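Chemist: this one's sequence-less:
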């Protein structure tokens, strides 16, 4: 009875290990999730059918960015038969660094702490008639 219980538990552990373990991606896959990239990087994919995910740097001040650029999860199947599950990856390029924002008007990364929109200053003064 004890032997049967031990064998059942061993089989259960083996099945759970197989189900939970993540398969090793082929060598041409640099990342399957942004967490696998360096500290100031994210995992990116292109728009092509057989896109290969690569780690790229997060965008810096005045780099071109896409407002509302969100991470996606998708599956990619390659001609060699490998199927890769990608999570938390970005299309084409990374978002701005965490302390930066992407301007909806210029499409560039900026530091919101030091950013002054001169149009806002002008608009505030436009209502003030004491220019003389």
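Modeler: Received, thanks. Since the model is a prediction, treat every value here as computed from it, not as a measurement.

Chemist: residues near the nearest residue to residue 82 once chain neighbours are set aside, how many?
Modeler: Once flanking residues are discounted, residue 82 sits nearest to residue 26: 5.0 Å by Cβ to Cβ, 6 or more residues apart in numbering. C-betas here are computed from N, CA, C, even on glycine. Using other Cβ atoms under 10 Å, residue 26 has 12 other residues around it.

Chemist: any idea whether residue 26 is helix, strand or coil?
Modeler: Assigned by DSSP: H, G, I helix; E, B strand; the rest coil, the conformation of residue 26 is coil.

Chemist: just use 524 as the starting number from now, easier for me
Modeler: Sure, I'll start counting at 524 from here, so that last one is residue 549.

Chemist: Let me see the contact set for it.
Modeler: Applying Cβ atoms under 8 Å, 6 or more residues apart in numbering, one finds that residue 549 lies in contact with 601, 603, 605, 607.

Chemist: again with residue 581
Modeler: 563, 564, 565, 617, 618, 619, 620, 621 are the contacts of residue 581 under Cβ under 8 Å, 6+ apart.

Chemist: Pull the most distant pair out of those residues.
Modeler: Greatest spatial distance in those: 564 and 619, 13.0 Å, computed using Cβ to Cβ.

Chemist: the more surrounded of the two?
Modeler: Just comparing residue 564 and residue 619: by other Cβ under 10 Å the higher neighbour count belongs to residue 619, 22 against 16.

Chemist: Please name the bridge partners of that one.
Modeler: residue 582 (DSSP bridges).

Chemist: And residue 567, by the same measure?
Modeler: residue 577, residue 613.

Chemist: Residue 624 too?
Modeler: residue 633.

Chemist: still on that earlier bit, which among the contacts of residue 581 count as buried?
Modeler: 564, 565, 617, 618, 619, 620 (16 or more other Cβ atoms under 10 Å).

Chemist: Among those residues, which one sits closest to residue 633?
Modeler: Distances from residue 633 to the buried ones among the contacts of residue 581, taken by Cβ to Cβ, are shortest for residue 619, at 8.2 Å.

Chemist: pLDDT value on the closest one, please?
Modeler: Here the pLDDT value assigned to residue 619 is 97.
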